[in-house]
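Attaching a predicted model along with its sequence, questions to come.
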Amino acid sequence: MPLCKLLYTSQSAATAPSRPQDIRRIVEESARRNEALEITGSLAYVDGSFIQVLEGPHAAVEDVFERICCDFRHKDIKLIDLVTTQTRQFEGWHMGLLASSQDDPLHKELEQVKYLVTVNARTAAEHIRSLMNH
């Protein structure tokens, strides 16, 4: 059965920087929901920006994205890419998380992902996936 892959970006609507434990809690809740919906993917958080890849059955991915669009924690939501695919890039990750602080070596990599999203969505998703292995 064909799957779809969706990549979007958004800004955190929080007036103060989101705390790592808050983001981890959201990711844990999302992973449980996504598992039931057969959705896989990853969330990257850098400098107040969310970059997320969702993949799975088309209807389920659309429903999750619609819920995200209505979530008050997001603003400036931009759908970057929506494609049909035969394979999962994030197999086994119902919701991976990549987040860093300014002094974390991962921060520079996530800044690169933030730039790549504006140039080539496929390359950005591949880079997110490669970072999940570290």
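Sure thing, it's come through. Numbers count the residues shown, from 1 in each chain.

How about the residue nearest to the spatial centre of the chain: which residues does it bridge to?
Residue closest to the average C-alpha location in the chain (Cα atoms, centre = their mean): Gln52, at 1.6 Å. Beta-bridge pairing for Gln52 (DSSP bridges): Tyr8, Leu43.

wait, doesn't Lys114 sit right on Phe50?
No. The pair Lys114 and Phe50 fails to qualify as a contact (Cβ atoms under 8 Å) at a distance of 10.1 Å. Placement of C-beta: from N, CA and C, glycine included.

joint contacts of the two?
Residues touching both Lys114 and Phe50 by Cβ atoms under 8 Å, 6 or more residues apart in numbering: 9, 44.

More neighbours: the two, which one.
Phe50 (22 against 16; other Cβ atoms under 10 Å).

what's the spacing between the helix or strand containing the more buried one and its chain's center?
Phe50 belongs to strand 49-56 when assigned by DSSP states H and E. How far strand 49-56 lies from its chain's middle: 2 Å, per Cα atoms, centre = their mean, to the nearest Å.
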